[in-house]
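> Show me the folded form of this:
(one chain, ligands or ions: 2)
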Amino acid sequence: MAKAGGPLELIERAIPEPQPGWVRVKVDACGVCHSDSLVKEGHWPGIEYPRIPGHEVIGVIDAVGRDVKGWEVGERVGIGWHGGNCGYCDNCRRGDFFACTVSLLITGISFDGGYAEYLVAPTIALAKVPNDLDSVESAPLLCAGITTFNALRNSGARPGDTVGVLGIGGLGHLGVQFAAKMGFNTIAIARGKDKEPLALKLGAHHYIDSQEKNPAAELNKMGGAKVVIATVTHPGAMTAALPGLAPNGVLMVIGAAGVLSVDSIALISGKRSVQGWYSGTSIDSQDTLQFSAANGVQSMNEVFPLDKAPEAYERMMSGKARFRVVLDVAGRQRS
Ligand SMILES: [Zn+2]
Ligand SMILES: [Zn+2]
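Residues are numbered from 1 along each chain as shown. Ligands and ions are numbered 1, 2, ... in the order given. Have a look, this model is predicted:
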């Protein structure tokens, strides 16, 4: 991106050198995420252009900067949204690294991301990638994956609890798999009958067609949901699920849907709450990758070569991709 609102352009550039505490990564693959539109359109404050987007990166460490400890050339690593934090502000010292007020770094926003053959990143941003995960298949786990995995495991739901996954798209198709593998009674909720076979194949125990039936009423027939993970981008669809929460239930919002209007009576009468969730840090990414490798959680992707990045981006923005779009930067999956 040369400027906000401009086109994605393929350019030749010198291979970057890692500064102290950073590594250089030769990129295998990078997922194309809806948040990349923040860079493309300049909707994130303070972006300096030119800027390379991409925060679902898997590649191999190719060079290490001075003072790098614990990471070596040749290791395969993943890099997600959270690119770093200061470590000394009040929020950092409370462990809320995502809320760093001094130097919050975001991959592909604060520094160049993975729509490139090489990138440099601080070691705090690195996650180890298990050997048996394919880079192209697994790149989306670094944003769509960690977001759903981390929201679910921090939701308060325990194995056996009923958990709804609202929306079967880029986030939801992973959310259903994670929820089922975590041992939740997993209810997939989406519009239309056609998504039911896929939802059940991904591990959902029940499917609610929200066009046909009232999702809250259906959830209540099953005793109500301890948690509903809301991945949709339609605010009305989110709030319609709220009365389907069991007492003390939580609507976990991870889809960016703008303004929600919630029924205060539904909140009060059931001690229900609405919560947002931020993706997570590099160790959360690593946990996501390990859990996925151990339990066979896989992203369903449409794959494009790096030089087709503009087409890949348009495909992602169309909302029609099934389900994530990935740039196969190193060309491993092409013949
Ligand atoms: Zn993302
Ligand atoms: Zn900080």
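> which parts of this structure sit against ligand 2?
85-86, 89, 92, 100, 102 (Cβ under 5 Å from the ion). Quick note: C-beta positions are derived from backbone N, CA and C, even for glycine.
> Would you list the buried entries among the residues you listed?
85, 89, 92, 100 (16 or more other Cβ atoms under 10 Å).
> Which helix or which strand is home to Cys92?
helix 90-93 (DSSP states H and E).
> What residues of that helix count as buried?
Buried residues in helix 90-93 (16+ other Cβ under 10 Å): 91-92.
> Likewise for stretch 206-219?
206-210, 215-216, 218-219.
> Also stretch 286-294?
Buried-residue list, stretch 286-294, by 16+ other Cβ under 10 Å: 286-289, 291-293.
> ok, the residue lying closest to Pro235 once chain neighbours are set aside - contacts?
What sits nearest to Pro235 in space, not counting adjacent residues and going by Cβ to Cβ, 6 or more residues apart in numbering, is Ala257, at 4.5 Å. Shown in contact with Ala257 (Cβ atoms under 8 Å, 6 or more residues apart in numbering): 230, 232-235, 238.
> any idea which of the residues you listed is closest to ligand 2?
Ala230 (28.6 Å; Cβ to the ion).
> For the closest one, grab the count of nearby residues.
When neighbours are counted by other Cβ atoms under 10 Å, Ala230 registers 32.
> So which bits of the stretch 51-200 of the chain are right by ligand 1?
Cys143.
> 6 Å instead?
55, 81, 143 (Cβ under 6 Å from the ion).
> gap between Ala330 and ligand 1?
Relative to ligand 1, Ala330 is positioned 21 Å away (criterion: Cβ to the ion, to the nearest Å).
> list the contacts for that residue?
With Cβ under 8 Å, 6+ apart, Ala330 has these contacts: 26-29, 59, 117, 135.
> Quick one: buried ones out of those?
Judged by 16+ other Cβ under 10 Å, buried ones among the contacts of Ala330: 26-29, 59, 135.
> Would you point out the most distant pair within the buried ones among the residues of the chain next to ligand 2?
By the measure Cβ to Cβ, Asn85 and Cys89 form the most distant pair in these, at 7.9 Å.
> Are there residues contacting both of the two? Which ones?
100, 102.
> The longest strand anywhere in the chain near ligand 1 anywhere?
Counting residues, the longest strand found in the chain (DSSP state E) is strand 22-32. No: shown here: strand 22-32 not in contact with ligand 1 (Cβ under 6 Å from the ion), separated by at least 7.4 Å.
> any low-confidence regions in this protein?
The chain contains residues with pLDDT under 70 at 333-335.
> who are the neighbours of the lengthiest helix in it, in terms of helices and strands?
The single longest helix within the chain, with elements called by DSSP state H, is helix 282-295. If contacts are counted by 3 or more Cβ pairs under 8 Å, 6 or more residues apart in numbering; DSSP states H and E, helix 282-295 sits against strand 76-79, strand 126-128, helix 144-153, helix 172-181.
> for the stretch 1-150 of the chain, what spans make up the helices?
36-41, 90-93, 135-138, 144-153 (DSSP state H, counting those that start in this stretch).
> Tell me who's in contact with the residue of the stretch 201-335 of the chain found nearest ligand 2.
Of all residues in the stretch 201-335 of the chain, Thr281 sits closest to ligand 2, at 12.0 Å by Cβ to the ion. The contact partners of Thr281, by Cβ under 8 Å, 6+ apart, come to 82, 97-98, 124.
> most neighbours, which of those residues?
That'd be His82 among the contacts of Thr281, by other Cβ under 10 Å, with 26 neighbours.
> Cys143: what's it in contact with?
Cys143 sits in contact with 31, 33, 35, 55-56, 80-81, 279, where contact means Cβ under 8 Å, 6+ apart.
> And the residues you listed, which of them are buried?
For those, buried by 16+ other Cβ under 10 Å: 31, 33, 35, 55-56, 80-81, 279.
> which residues are contacting stretch 146-161?
Contacts for stretch 146-161 (Cβ under 8 Å, 6+ apart): 80-81, 163, 171-172, 174-175, 178-179, 182-185, 226-227, 229, 231, 250, 252, 254, 277, 279-280, 284-285, 287-288, 291-292.
> what do you get if the cut-off is 6 Å, keeping everything else the same?
80, 163, 171, 174-175, 178-179, 183-184, 226-227, 229, 250, 252, 254, 277, 279-280, 284-285, 288 (Cβ atoms under 6 Å, 6 or more residues apart in numbering).
> Could you identify the buried members of the contacts of Ala257?
By 16+ other Cβ under 10 Å, those give 230, 232-233, 235, 238 as buried.
> taking these one by one, which sit in helices?
Those of those lying in helices (DSSP H): 235, 238.
> How many neighbouring residues does Arg332 have?
Neighbours of Arg332 (other Cβ under 10 Å): 12.
> Check Gly160 too.
Neighbours around Gly160, by other Cβ under 10 Å: 9.
> Please identify which helix or strand holds it.
Going by DSSP H and E, Gly160 is not in any helix or strand.
> mind checking how far it is from Ala179?
In this structure, Gly160 and Ala179 are 12 Å apart, going by Cβ to Cβ, to the nearest Å.
> go on, Phe111?
If you go by Cβ to Cβ, the gap between Phe111 and Ala179 works out to 33 Å.
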